[in-house]
Structures are given as structure tokens and as C-alpha cells.
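S.K.: coordinates only, no sequence provided:
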């Protein structure tokens, strides 16, 4: 299954989850179930019910993120270091 060909069949919440989690290459069972339900062809799932995305699928999702951020003017960072909740130091060593 190619995610690109099924994208229009996914509900907005599932599409948003995929764009919010662009580094996820193995979809959780709940998202996998949604994708498998709308797919127009059989979907390969592992013993836990998860779907592994191909490099082309991950690239497609990232292109969708880039396209949506370019149209809204938003720029998104995917960084392992997050700011502290109180807005002070991030804990990052300089």
C-alpha cells in the first residue's frame, strides 16, 4: 500500500496525526487500523497490528507538512530538546 494514494481517503484527524508525528515509521495499532480500513488494497501488518511505513511514505508525509506550513506561513521544528515548561532554561548544554 502506498500512503500517498490513500491520503484523500483518510479522515482529517488521522492525516493530522501523521503530520504531527513525521518521524514515526511504524504506525501504532489504532492508526494502522484506520489506514487499513480505508485502503483499497490489502495492507501488510505485523504481529502487533502495526503498519511499517516505507521511505516513500515518510517522504510524502514530510512533503505534506512542508506544503501546509508554506501555505500558512508556519515553520515547524522537530527537535529533541524542548523548552522547559516554566520558560526558563531548556537544560541544553551550550
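M.R.: Arrived safely. From a predicted model like this one, the values you see are computed outputs, not experimental measurements.
S.K.: quick one, strands of this protein?
M.R.: According to DSSP state E, the chain carries its strands in the segments 26-27, 51-52.
S.K.: pLDDT below threshold where in this protein?
M.R.: Filtered on pLDDT under 70, the chain yields the residue ranges 69-94.
S.K.: the nearest residue to residue 29 once chain neighbours are set aside: neighbour count?
M.R.: Beyond its immediate neighbours in the sequence, the residue positioned closest to residue 29 (C-beta to C-beta, 6 or more residues apart in numbering) is residue 49, lying 4.1 Å away. Bear in mind the C-beta positions are built from the backbone N, C-alpha and C, glycine included. For residue 49, the number of neighbouring residues by other C-beta atoms under 10 Å comes to 13.
S.K.: ok, now which ones touch residue 49?
M.R.: With contact taken as C-beta atoms under 8 Å, 6 or more residues apart in numbering, residue 49 is in contact with 29, 32, 33.
S.K.: same question, residue 44
M.R.: Listed by C-beta under 8 Å, 6+ apart, the contact partners of residue 44 are 1, 51, 52.
S.K.: most neighbours, which of those residues?
M.R.: Neighbour counts for these peak at residue 51, which has 23 neighbours (criterion: other C-beta under 10 Å).
S.K.: beta partners for that residue?
M.R.: For residue 51, the beta-bridge partners are residue 27 (DSSP bridges).
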